[in-house]
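**Q** have a look at this prediction, sequence included:
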Amino acid sequence: MTTGWVKKSDFTKITQGLSDDTLYVGYSEQQQHSSGFTMAQLGAMMSEGFIHQGENVPPRPHLEKGLGEAKELLKVAIKKYLRAKKRTQEPDTNNLVTIAKDAVAQYVYSGALKEIAPNAPSTIQKKGHDLPLVDTGELVDQGLKAFVVRRELLNVRND
């Protein structure tokens, strides 16, 4: 099992090696945010930082950090998934997906990003709170996606 996260505008991997299946966590290029950006574009901008109207918006690597916080939980869930996969052709992916999505959301809403890159005083005044990445809630609450791709269902050769 490999896990993944969004980088730029696609779903990609962060850790290697438990099997040929891949857990992807990120944002969809097809889903639109109310800002006009796609969820993937906005997720990448927030993770990597950007310049907006001459002001530097610092990187806030919420996917990497959130998944990192849940590393032990994910390891246990991946082991359960792999054991179930050995017993059946249809292992349940819901536990993995839920843990991954919840880990990122909990990290964002915990306020931990304030330690990495706090909001500017003007942003705090505008939003009414000091939580980075939390404004409408759309990005994390509605835009965050996770899914498992099983290699054998893709009919992919492993040469």
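**A** That came through fine. Numbering: from 1, shown residues only.
**Q** residue boundaries of the strands in the protein?
**A** In chain order, the chain shows strands spanning 2-7, 10-15, 22-27, 50-52, 55-57, 144-149, with DSSP state E as the criterion.
**Q** starting from the fifth one, tell me which strands it pairs with and how they run.
**A** If I follow you right, that is strand 55-57. Taking DSSP bridges as the criterion, strand 55-57 pairs within the sheet with strand 50-52 (antiparallel).
**Q** tally of neighbours for the residue nearest to Asp130 when sequence neighbours are not counted?
**A** Excluding the flanking residues, the one nearest Asp130 by CB to CB, 6 or more residues apart in numbering is Ile124, at 4.8 Å. For the C-beta atoms, the positions are set from N, CA and C on the backbone; glycine is no exception. Counted by other CB atoms under 10 Å, the residues lying close to Ile124 total 14.
**Q** how much space separates Ile124 from Leu113?
**A** Per CB to CB, to the nearest Å, Ile124 is found 13 Å from Leu113.
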